[in-house]
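Asker: the following comprises the amino acid sequence and a computationally predicted model.
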Amino acid sequence: MELISARPKRSDNMRAFILVLIFTFFSGSLVFAEQTSSAMTEEKAITFLQEAYNVQVSLTEKEREIEEIDQMLSSFFTTEFRDKFINENVVKVEEGYIVYATDFPINVIPFYQYDLPFKFYTNDEKILIYQFFPASTEGPVSYDDHYEAVYFVREEGKWKINNIEFSFEEPSSTEFYAKNVLNEEKKESHNIKGKSIGFEQTIEEHLGIITKLTFLPSYFVTKYLLFS
């Protein structure tokens, strides 16, 4: 009787290895795509500010439970900021809780002129966006030249507003420049065949660089191992 060995062929082991390698590669590419798409641009930040402001204004429209107010704010503001906003602005009334409108709001998105330019700075940890307000003596509220700024930080992987500031001095962007310079140096030192793998690159560029790495098998080798 002829004995048939149950030992897998060498090509079967190699085929399994290639499949795992390909799966790992494309999984990494998907993570890269997700990280790139979640980047907060100036345009996205401005839209975010408008939506956050609308939510805060809506809290003046009717009474709500405190849990509902916190939930409405949670998509735009950090836990720390929400606690501060609720303590300073939310008032208990007979039917629940409400925010009263005022000419001197505290921790509310500034009354930005969205058709005018902003200053926008970002790094891996924080975002700063602000606008200059020239002095005004018209209307019920008068004020001197000043800046109004909003800071974002990451909370559970998502950008959220963590601080709102009023100042007569222009907000400092030094830390953002320092971070950006450091990131640029890291990118320049991480090159493959003269190309840097940075988040600024497109997905196509990323894939193009990876497929040139020497440890990946050629098309013909992969085809032979998978289909022979």
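Answerer: Yes, it's here. Residues are numbered from 1 along each chain as shown.
Asker: confirm that residue 83 sits in a helix.
Answerer: Yes. Counting by DSSP: H, G, I helix; E, B strand; the rest coil, residue 83 falls inside a helix.
Asker: please name the residues that touch it.
Answerer: Under the criterion of CB atoms under 8 Å, 6 or more residues apart in numbering, residue 83 has no neighbours. In this view, the C-beta of every residue, glycine as well, is placed from N, C-alpha and C.
Asker: where does pLDDT dip in the protein?
Answerer: Applying pLDDT under 70 to the chain picks out residues 1-38, 177-228.
Asker: report the residue ranges of every domain in it.
Answerer: 10-37+179-190+202-227, 42-172 (automatic domain parsing).
Asker: in this protein, which spans are strands?
Answerer: Applying DSSP state E to the chain gives strands spanning 90-93, 96-99, 119-122, 126-133, 146-155, 158-167, 191-192, 195-196.
Asker: distance to residue 41 and mean neighbour count added to those, as TSV?
Answerer: Shown next, in TSV, are the strands of the chain (distance: least, CB to CB, whole Å; neighbours: other CB atoms under 10 Å):
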stretch	distance to residue 41	mean neighbour count
strand 90-93	32	12
strand 96-99	30	18
strand 119-122	8	18
strand 126-133	10	19
strand 146-155	12	18
strand 158-167	11	17
strand 191-192	26	12
strand 195-196	20	15
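Asker: right, and those - which one's nearest residue 62?
Answerer: strand 96-99 (7.0 Å; CB to CB).
Asker: contacts for the closest one next, please.
Answerer: By CB under 8 Å, 6+ apart, strand 96-99 touches 56, 59-60, 62-66, 69, 89-91.
Asker: let's see which of those residues end up in helices.
Answerer: Cross-referencing the contacts of strand 96-99 against helices under DSSP state H gives 56, 66, 69, 89.
Asker: show me the contacts for the residue lying closest to residue 105 once chain neighbours are set aside.
Answerer: Among residues not flanking residue 105 along the chain, residue 89 sits closest, at 7.6 Å (CB to CB, 6 or more residues apart in numbering). Applying CB under 8 Å, 6+ apart to residue 89 gives the contacts 59, 99, 105-108.
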